[in-house]
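Trainee: sequence first, then the predicted structure, then my questions.
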Amino acid sequence: MSRIVLITAALLVVLCAGSIGALAFADGSASEQLPQGARVGGVSVGGLTREEATKRAQDGVRSLIARPAYLQLGEKRYTLTPSEAGVRVDVETAVERAYVEGRQGSFISRGWRKLTGAKLDQDVPVKAVADRLAVRRFVERIAKEQARKPVDSAMTITLTSVSVSHSRPGRRLAARDALVARLMRRMTSSTDERTLRAKTVKVPPKVNANAVWDAQPIAVTVSRDGKQARVFRRGNLVKTYTVAVGTAEYPTPTGRYVVQTMQKNPAWNVPQSEWAGALAGQTIPSGDPRNPLVARWIGINGSVGFHGTASSGSLGTAASHGCIRMAPADVIDLYERVSTGTPVLVA
C-alpha cells in the first residue's frame, strides 16, 4: 500500500512540475504583450505589443476624441477644431499602464490566463488635454463678434425742433468662463454630443429718453436769419420771441452753447473793445442809462448772451454787438423758463 502511495505522489510531482513549466512558458511567451481583454480608451489592444498597442490606440482614441466641437448661438454655428484647441492625447502613458497592470500577480496566474484564453476586464482611460488659453481665445473671438455696445439716448437740436433719440440695449456673450470650461471638457471627451449652446444677454443703456428729458427739459434756439428765439419744453415748442442779433461787423456767434450765467438787473462790464469807446473796461451799474442790459442777463458764451433792451425798435433786426436783444418782458419770461446748463443753439 505504501508503495502505491509513493508512486502516486511521484507521478503528481512530475505532473505538477510539468504544469508549472507549461505555465511559466506560457507567461514568458506573452511577456511582451498586453493581456487579452486589455483596452485603452475603449480601444481593444489585448495581445499586442506596446508599440502595436500604441499605434492602434492612437488611431482609435484620436478618432473618438480629436473631433471638432460646435458652439451654437442662435442661427450662428462656430467650429472649434482639435488643432485650434491644442488637443493632445497621451496614449503612450495609458498603454504602459495597461501593460504594467497586466503583469501584476504571479507567473502562474498570468500563464493560466494565456493557456485558457481568459481575458481581463481592463480599460485604461487615456488622458486628453486642451490648451485653455487657445480655447479662451476662441470664446473671446466669438464674444467680440457678438458684442454690441448699448446706445444712450441723446438730444438733437435744430432751429425748429428738439428731439431725443431712443436708447438701444447692447449685447454680450453670456457666461464666457463657463463656456471655456464646457469646451475644455467636450474637446477631451469621447462623447458623441459635440454641440454646445451659448446665448447672449442684453446690456442696458445708461441713459434713456426720459433721463435726457428730465435732465434737460428746456432747450432754446436762436435763428440769426429769422431774428427769432424759440423755447422748447420736452420737444414741444412753447414760446417764440422776436429778437435782435449781431450786425454783420459784430455777428452773434453760431454754435451750441449752454446757459452759463444768470443775473437780475445786471450791471454791465464793458468789454475792452473799440466800439465801447470811453466806456471800455468800466462797470456800469443797473439802471444807468448807459447800461444796455435791461431787466435780465442770460449769458451763453462769455460776453455774449440774452438781455432786455430799451431800444425796442431794433428788435427783428441785426443791430447788436453780438448779444441777443429782447423786449424786457420777453427776457424776464425767458429767464423764468431756463436755468444754468440749459442748451442753446444759435444758427
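Mentor: The structure has been received and is ready for your questions.
Trainee: break this structure into its domains for me.
Mentor: 133-211, 217-346 (automatic domain parsing).
Trainee: what's the end-to-end length of the longest one?
Mentor: For domain 217-346, the first-to-last residue distance is 18 Å (CA to CA, to the nearest Å).
Trainee: related to what we said a few turns ago, which one of the domains of the chain has the most crowded surroundings?
Mentor: Per residue and on average, the most neighbours among those fall to domain 217-346, with a mean of 17 (mean count of other CB atoms under 10 Å). Where C-beta positions appear, they are placed from N, C-alpha and C, glycine not excepted.
Trainee: just give me how far it sits from the chain centre.
Mentor: From the chain centre to the centre of domain 217-346 is a distance of 48 Å (CA atoms, centre = their mean, to the nearest Å).
Trainee: could you number the chain from 249 rather than 1 from now on?
Mentor: Done: numbering now begins at 249, and the last item shifts to domain 465-594.
Trainee: quick one: average confidence on it?
Mentor: On average, the pLDDT along domain 465-594 is 93.
Trainee: need the domains of the chain in CSV with distance to Leu319, can you?
Mentor: CSV is the format used below for the domains of the chain (distance: least, CB to CB, whole Å):
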stretch, distance to Leu319
domain 381-459, 5
domain 465-594, 45
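Trainee: show me the one of these that comes nearest Thr327.
Mentor: domain 381-459 (9.4 Å; CB to CB).
Trainee: excluding covalently adjacent residues, which one is nearest to His555?
Mentor: Leu541 (4.4 Å; CB to CB, 6 or more residues apart in numbering).
Trainee: OK, contacts around the one you found?
Mentor: Pro514, Ala515, Trp516, Ser534, His555, Gly556 (CB atoms under 8 Å, 6 or more residues apart in numbering).
Trainee: please report phi then psi for it.
Mentor: With angles defined as degrees, to the nearest 10, Leu541 sits at phi -90, psi 110.
Trainee: quick revisit: which among the contacts of Leu541 gets closest to Arg420?
Mentor: His555 (51.0 Å).
Trainee: what are the pairing partners of the stretch of helix or strand the closest one belongs to, and which direction each?
Mentor: Element membership for His555 (DSSP states H and E) is strand 552-556. Strands that pair with strand 552-556, judged by DSSP bridges, come out as strand 542-549 (antiparallel), strand 572-574 (parallel).
Trainee: show me what the last one is in contact with.
Mentor: Applying CB under 8 Å, 6+ apart, the contact partners of strand 572-574 are 470, 477, 489, 491-493, 500, 552-557, 559, 562-563, 567, 582, 594.
Trainee: what's the closest non-adjacent residue to Val542?
Mentor: Gly556 (3.5 Å).
Trainee: report the beta-bridge partners for the one you found.
Mentor: Legend: beta-bridge partners of Gly556 under DSSP bridges are Val542, Met574.
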